[in-house]
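Peer 1: The sequence and its predicted three-dimensional model are supplied below.
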Amino acid sequence: MTPRDWLLWLGQEPLWIGGFLAALPVLAFLLGLVHGRGRGNDAPWKFFYSALVYAACIPGTFAAAITLYLMLFAGENLLDVNALVTLAPILSMGATLAIASRNVDFGPLPGFGRLSGLMVVLGLTFGIVFALSRARLFIVFGGSIFLLFGLCAFVFALLKWGAYLAFRKRDEPPLPPPKFGA
């Protein structure tokens, strides 16, 4: 089974996929009603939020990568793709995170640092690969050499930070995001 076959198979199950994706924001809303205001980071609730965030972010990140790949590399038109498989997980992830962020601080959630680090690394890697695939190496960079070094340092710092968050050991404290400028 190829990845395209798997995506086609998922598209043939609209009730299950649509139900799962619609249930995530609804669960985030209901969870906020159950535990009361300001108690989302307390002991039992933070684990529910953590599972909910993972259930939304893993398919959402995968769908974002697939959608960007289909659009930018394969040249697919977004009007021709199955929206339930490519766009709905991204919308569900966004809605779930937006609703959950009203009730819980994501920083102390178990595993959220690793998940956000993985999303940063995946996004930056995708951006770098896309830029390299479209770059014409014989064209000279139009800015100054200091701007090029600054851009390289910025991308490297974000990759390093994202990789640290994604692959750090349990006993290592999470690092704050890199700061640029004054």
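Peer 2: Great, that's in hand.
Peer 1: and Thr86, what does it touch?
Peer 2: By C-beta atoms under 8 Å, 6 or more residues apart in numbering, Thr86 lies in contact with 7, 63, 66-67, 70, 78. (Glycine included, C-beta is placed from N, CA and C.)
Peer 1: longest helix anywhere in this protein?
Peer 2: Of all the segments of type helix in the chain, defined by DSSP state H, the longest one is helix 43-68.
Peer 1: What residues sit buried inside stretch 60-73?
Peer 2: 60-64, 66-67, 69-70 (16 or more other C-beta atoms under 10 Å).
Peer 1: before we move on, what about stretch 107-119?
Peer 2: By neighbour count with 16+ other C-beta under 10 Å, stretch 107-119 contains the buried residues 109, 112-119.
Peer 1: what pLDDT, on average, does that stretch get?
Peer 2: The average pLDDT for stretch 107-119 rounds to 77.
Peer 1: how about the CA coordinates for that stretch, as PDB?
Peer 2: Extracted C-alpha coordinates of stretch 107-119, given in PDB (Å, rounded to 0.1, in the frame of the first residue of the first chain):
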ATOM      1  CA  GLY A 107       4.000  24.800  28.400                       C
ATOM      2  CA  PRO A 108       3.700  22.400  31.400                       C
ATOM      3  CA  LEU A 109       1.700  19.800  29.500                       C
ATOM      4  CA  PRO A 110       3.500  16.500  29.300                       C
ATOM      5  CA  GLY A 111       5.200  16.100  26.000                       C
ATOM      6  CA  PHE A 112       4.000  19.400  24.500                       C
ATOM      7  CA  GLY A 113       7.600  20.800  24.300                       C
ATOM      8  CA  ARG A 114       8.600  17.700  22.200                       C
ATOM      9  CA  LEU A 115       5.600  18.000  20.000                       C
ATOM     10  CA  SER A 116       6.100  21.700  19.300                       C
ATOM     11  CA  GLY A 117       9.800  21.100  18.700                       C
ATOM     12  CA  LEU A 118       9.000  18.400  16.300                       C
ATOM     13  CA  MET A 119       6.600  20.700  14.400                       C
END
